[in-house]
Structures are given as structure tokens and as C-alpha cells.
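Undergrad: Quick one: sequence plus predicted model below, questions after.
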Amino acid sequence: MCGIVGYKGKQQPKEILIEGLKNLEYRGYDSSGIALKDGNEIQVIRSVGKISCLEEKVNSEKLLDARMGIAHTRWATHGVPSVENAHPHRVGKVTLVHNGIIENASELKEKLLKEGVVFNSETDTEVACAVINKYYEGDAVKAINKAIKELKGSYAFCIFFEDSDKLYAVRKDSPLIVGYGDDEIYVASDIAAIINYTNQYSLLEENEVCEIDKDVKVTLNGKKVKKEILTATISADSKDKCGYEHYMLKEIMEEPVVLEKTLKPYVDNLDKLPDLTEYEEIHIVACGSAMYAGMIGKTLIEENANLRVTVEVASEYRYKKVIYDRKTLVILISQSGETADTIAAMRKAKMAGIETLAIVNVVGSTIARESGSQIFIEAGPEIAVATTKAYMLQVAILSLLAYKAALSSGLDDKNVMAEIKKIPRMVREILDRRDDYLEIAKAIYKREDIFFIGRKIDYAVSMEGSLKLKEVSYIHSEAYQAGELKHGTISLVDDGTPVISIITDKDIREKTISNVQEVKARGAKCIIISNEEITGYDHLIQVPEMSNFFQPLVVVPCLQLIAYEVAKLRGCDIDKPKNLAKSVTVE
Ligand code: G6P
């Protein structure tokens, strides 16, 4: 959430900063800005809207002949998206960009106002800037260290001081890296921002202060810290759309390949996975789509391994009373590994002495580093804000965990392993049926309410289908347990209301069909996704029948492509839906 780029080196940094921001736009995109420094002169340019708006403004101005600069793309927390609230902020001698939230900003602001500080924005960032400026008497590291003792909340700062040619960075609960080029140093909130220039980087740890001149000096509480230099594995061209119109489509189409990569280590080799039956209770904790992947995991583990599983939204779990009175494993699911609430939930479990397992995409992320054990999905970079391939892989890993737990609980079905090998091919076949999804999209895209129904595993799958649709198309959509719809929400169903029903669980098939009849009788347009031929309704998408462990993997792509096609017909900004951000690093 929000993105930072900083540069110090031999070039005019404009291109590097703008390019970096474009690569970080998925972290927030309501306003942005850059600051350039040449000697004591500082130039700040800020704009509302996408990075392209900032770029236009930057290109229309005469720029300082700078060799150092900082830049930011914002997802508003304190204060509306406006030029005044956009970063960089300047107070006295300090100019900075900030990711995170300063929780005691109002308290600090009140004190600073009494001391005569004048504020020009509504942001917590400007307050942090003023606190650092208050302590700055020529020694930047000292001022930063004093200031961070006063700041509560989360922060990643990239800072420069009017009378110094050095660049500084510090972070807590919000990631920040330092990249090493050829006589050039970069700061970024993630490697994607600078991958075109370097793949060599170090991770800054909590409250380490990084001082960048020709070299990089990192200290923690004044003591020098030696940083390990890592090599990023993502490549610059992984950000290419490869001819697809949108990243979302490209990433959906990558699903067969990333499934193959992710599943391969476990084919005929489940020993590499933990055995969940060693625990008496599993808590799956995550946010957004990752939490919905957890709902599928819960259903599969409970049904097949007779093991108690709860799924909790991380923002609730971190604050609620959690009873740990059984041998419990907490599974954290996170694509980015940086979601603030999921990190907090993980730390809560660890504090209570509970084992943690992370299902995560980004190696080196906070959750990957701090969790007790990790299973990495091999999604590669996911650029579209609405997750598709990463969610798919989270579901795939949970399905494998459920299968292994089922085997430990006495299941004797070796056919499932043979099926795993076929999954990428089957998903590819589902993806190839683009015309079917377009036809459904054409039938529903003008509606303002769409409902999804299903029971058990089909309900778990439908929740993500509904979320995807509303995220990218802005159509109001809800997923209901098929039997529950009539307890209220059916009042919203009238002539032509689309109801998408997922019917793959044979045990409960007839019951769901009765519920489809109920909505049909009230005029609904009935769209069925099933592994059987079900006739008599408006549209049917028939998917191959699979073992219950992997059945969701052939339904999910249909839902993702329906959401994509609907959003496209409605002319939405598919890769960057309004108000959303991909990596939610604030509470
Ligand atoms: C945001 C994204 C979602 C994502 C959720 C959790 O809301 O827009 O697509 O599912 O965060 O993110 P994580 O990185 O923890 O999986």
C-alpha cells in the first residue's frame, strides 16, 4: 500500500523515479509525487490521479540538475487524495515520502502546532516530517533515531535533508529495500520498482537507519549493521503484458504454467508437506481472496480429514480473544507476505507459543521470514490488483494439504495423485473456452446486482467469484449459501437478476437445484457452473468432474474470466480498480 522509490547516483533521477512508480502503481494510485535535490535546492512536483498525470506534469517543468530524488505513489489514509496531501512532504529542512500510518499523529500534531509548526496538509506524514525536523541539528541519523522513538504505528521513510547530499531510509512494519547498482543506490518499497536497474538488494530490518552516500551505511541504535546482499529472482520482463490487453487476463492465462511449477515438487512426494493431522485444530488466517482460499481449505480439510478448522479474517483475529486450548497450527495465507493484519495475526500466534505456517508468494517478505515454516506458491509477480493466479495457487496448496491430511486419516485413494498431474492441462482447457464466458458476460453486464449461490465447497468457491466480479466490474454482488438466500436476500431477486449457481458437490446437488428453482420462479437469469449436465436454465458451463480435492481448480478460472469479461464490457479500469490496492500494508 503506497509505493516508494529513492535514488542517489550519477544520473538525473527523473526517469528512474517515474518508471519505479509505474512499477509500484499496484500499491496505490490516487496521487503521486517526486522531489529532486541539487545542492541546497529542492524541487517538489505532485499530482492527483495516476502516475501518467504526474509524468505529464514533470515533463512540462524545467527540472533541477539533480542526482538524487525520492518519489511516492499514494493510497490515501489520512486526508483525501489531493496535491497538498500527496507526498513528498517538506517541513523545515526535511523532505520525505512515507508508507504506513502514524497512529499518534493527532497527538503529535497538537504539540507541534503549539510549538509554532505550520502544516499544509491533513496527513500523518507531514507530522512525521515535522518531528524529524524538530530533532535535526545537522546529524540526520541522530534526528531519525530520536523521531522514531516518538512515532507510533507503521512507517517506511525515504528522506533527505536540505543541507546534506545523503539519502536516508528507515522502516517499521512496512517493507523497504536498498538496491545496489553501479555507483548508484536505490531505495524501494519492493524490488519490482527497481528491477529494471538492479537485482542486487538488501532488506532493511525494523528501525535500521540506512545512510546513503557513495556507499551504504546501516546502523541500528547507532551500531553498525552488516547487510546481506540478496539477488532478486523476478526478471524485468515478467512485468510485460506479453500481448494481453490486461495484466488480469495475462495472469489468469498463466495459471496452467504456475500450477505446474507449484504442484511439481509434491507430485508423488507429499512428504515435503506438513501433516495437519498432527494438530487438533487449525486456524486459517488471511485477508481478502486469501481468506476465501482459506474457506476452500477449511471445507476440504474438515470433510476429508475430520479435523477442526476455523477461518478468520486477520483484522479480527489480531484483536479478538482466541482460545488456544488444543494443539493448534495457525496457517497464514498471503500473496504479498506484507498484509499488515495478517502479519499482526501471525505475531499474535507466535507470542502465544503457537506454531505458524505461511502459504506465501513473495520470498523475503515479512510473513515468509517470520513464520515458523513456509510453503511458497510459484505465482511470480502478480501485477493486476485483483488477484487471480496467486489465489488459484493458494487453493491448490490447501487442496494438497487436505489430501495429505486425508491420507493420514485413512483415505485410500491413489487416483488423486494421478489427477494432480493432469490439473494444468485441465485448467488450460477451461481457459480456452473464452467465448462461453463472454456470452455469459454479455447477458449480465448491464445488471446492478448479481448473486452467487452454492453449498459447502461450492459456496466457498462462489465467495471469491463474487468478490472478483465486484472488485473489477463495480457491480454489486453477493455470495450466499444456496439454502440461505431465501432468508431475506431473495427479496432482491426479480426479473432478469443474474444468479450464478455452482453445483459440483454431488451429495448436495439436488438441494442446490431446488434453490435454483426458487430463484428461477422469481424471474432470475440462471447461470449454472457444474460438473454435470444440468438443463432447463439460461446458461450452463460444464466443467470436468474431478475428485473433491481439486474440483474447485476448474471452477475458479470460469469465475475469474466471467468477472474479467464483464468488467471489460463495462469499460472498467480492470488492472487498477478504484479505491483498491494490492498490498494492504496498513490496518
Ligand atoms: C488486498 C488485495 C486482495 C488480496 C488481499 C490480501 O485486498 O486487493 O487481492 O487478496 O489484499 O493480500 P495478500 O497479499 O495478503 O494475499
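TA: Structure received. Numbers count the residues shown, from 1 in each chain.

Undergrad: Now look at the longest helix along the chain and say if it contacts the ligand.
TA: Ranked by number of residues, the top helix in the chain under DSSP state H is helix 389-408. No - interface with the ligand: helix 389-408 contributes nothing (CB under 6 Å from any ligand atom), its closest point being 6.7 Å away. Heads up, the C-betas are built off the backbone N, CA and C, glycines and all.

Undergrad: mind saving the C-alpha coords of that helix as PDB?
TA: C-alpha atoms of helix 389-408 as PDB (Å, rounded to 0.1, in the frame of the first residue of the first chain):
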ATOM      1  CA  LYS A 389      -3.200 -16.800 -10.300                       C
ATOM      2  CA  ALA A 390      -2.000 -16.400  -6.700                       C
ATOM      3  CA  TYR A 391      -5.400 -17.200  -5.300                       C
ATOM      4  CA  MET A 392      -5.500 -20.200  -7.600                       C
ATOM      5  CA  LEU A 393      -2.200 -21.500  -6.200                       C
ATOM      6  CA  GLN A 394      -3.200 -20.800  -2.600                       C
ATOM      7  CA  VAL A 395      -6.300 -23.100  -3.300                       C
ATOM      8  CA  ALA A 396      -4.000 -25.700  -4.900                       C
ATOM      9  CA  ILE A 397      -1.700 -25.900  -1.900                       C
ATOM     10  CA  LEU A 398      -4.600 -26.100   0.500                       C
ATOM     11  CA  SER A 399      -6.000 -28.900  -1.600                       C
ATOM     12  CA  LEU A 400      -2.700 -30.800  -1.300                       C
ATOM     13  CA  LEU A 401      -2.600 -30.200   2.400                       C
ATOM     14  CA  ALA A 402      -6.100 -31.600   2.700                       C
ATOM     15  CA  TYR A 403      -5.300 -34.600   0.600                       C
ATOM     16  CA  LYS A 404      -2.300 -35.400   2.700                       C
ATOM     17  CA  ALA A 405      -4.300 -35.000   5.900                       C
ATOM     18  CA  ALA A 406      -7.000 -37.300   4.400                       C
ATOM     19  CA  LEU A 407      -4.400 -40.000   3.600                       C
ATOM     20  CA  SER A 408      -3.100 -39.700   7.200                       C
END
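
Undergrad: Could you tell me how many residues sit around the residue of the stretch 151-300 of the chain found nearest the ligand?
TA: Relative to the ligand, the nearest point of the stretch 151-300 of the chain is Gly288 (3.0 Å; CB to the nearest ligand atom). A count of nearby residues for Gly288, using other CB atoms under 10 Å, gives 23.

Undergrad: Surely it and Leu467 touch.
TA: Yes - at 7.3 Å, Gly288 counts as touching Leu467 under the criterion of CB atoms under 8 Å.

Undergrad: Could you measure from Ile457 over to Lys10?
TA: According to CB to CB, to the nearest Å, Ile457 and Lys10 sit 57 Å apart.

Undergrad: between the two, who's got more neighbours?
TA: Under the criterion of other CB under 10 Å, the comparison of Ile457 against Lys10 puts Ile457 first, with 23 against 9.

Undergrad: Which helix or which strand is home to the residue found closest to that one once you drop the neighbours it is linked to in the chain?
TA: Excluding the flanking residues, the one nearest Ile457 by CB to CB, 6 or more residues apart in numbering is Thr299, at 4.7 Å. Applying DSSP states H and E as the criterion places Thr299 in helix 288-305.

Undergrad: Same question for Glu484.
TA: With DSSP H and E as the test, Glu484 turns up in no helix or strand.

Undergrad: any idea how far Asp341 is from it?
TA: Applying CB to CB, the value for Glu484 to Asp341 is 27 Å.

Undergrad: Neighbour count: the two, which is higher?
TA: More crowded of Glu484 and Asp341, by other CB under 10 Å: Asp341, with 22 against 14.

Undergrad: Tell me if I'm right that that one and Tyr319 touch.
TA: No - if you go by CB under 8 Å, Asp341 and Tyr319 don't touch, sitting 9.3 Å apart.

Undergrad: just to revisit the earlier point, next helix or strand past the longest helix of the chain?
TA: Downstream of helix 389-408, the next assigned helix or strand under DSSP H and E is helix 415-431.

Undergrad: buried stuff in that following helix?
TA: Val416, Ile420, Ile423, Pro424, Met426, Val427, Arg428, Ile430, Leu431 (16 or more other CB atoms under 10 Å).

Undergrad: Sort the residues you listed by pLDDT and name the bottom one.
TA: For the buried residues of helix 415-431, the weakest pLDDT value sits at Val416, with 90.

Undergrad: Excluding chain neighbours, what is closest to it?
TA: Ser547 (5.0 Å).

Undergrad: Tell me the secondary structure at that neighbour.
TA: Three-state call for Ser547 (DSSP: H, G, I helix; E, B strand; the rest coil): coil.
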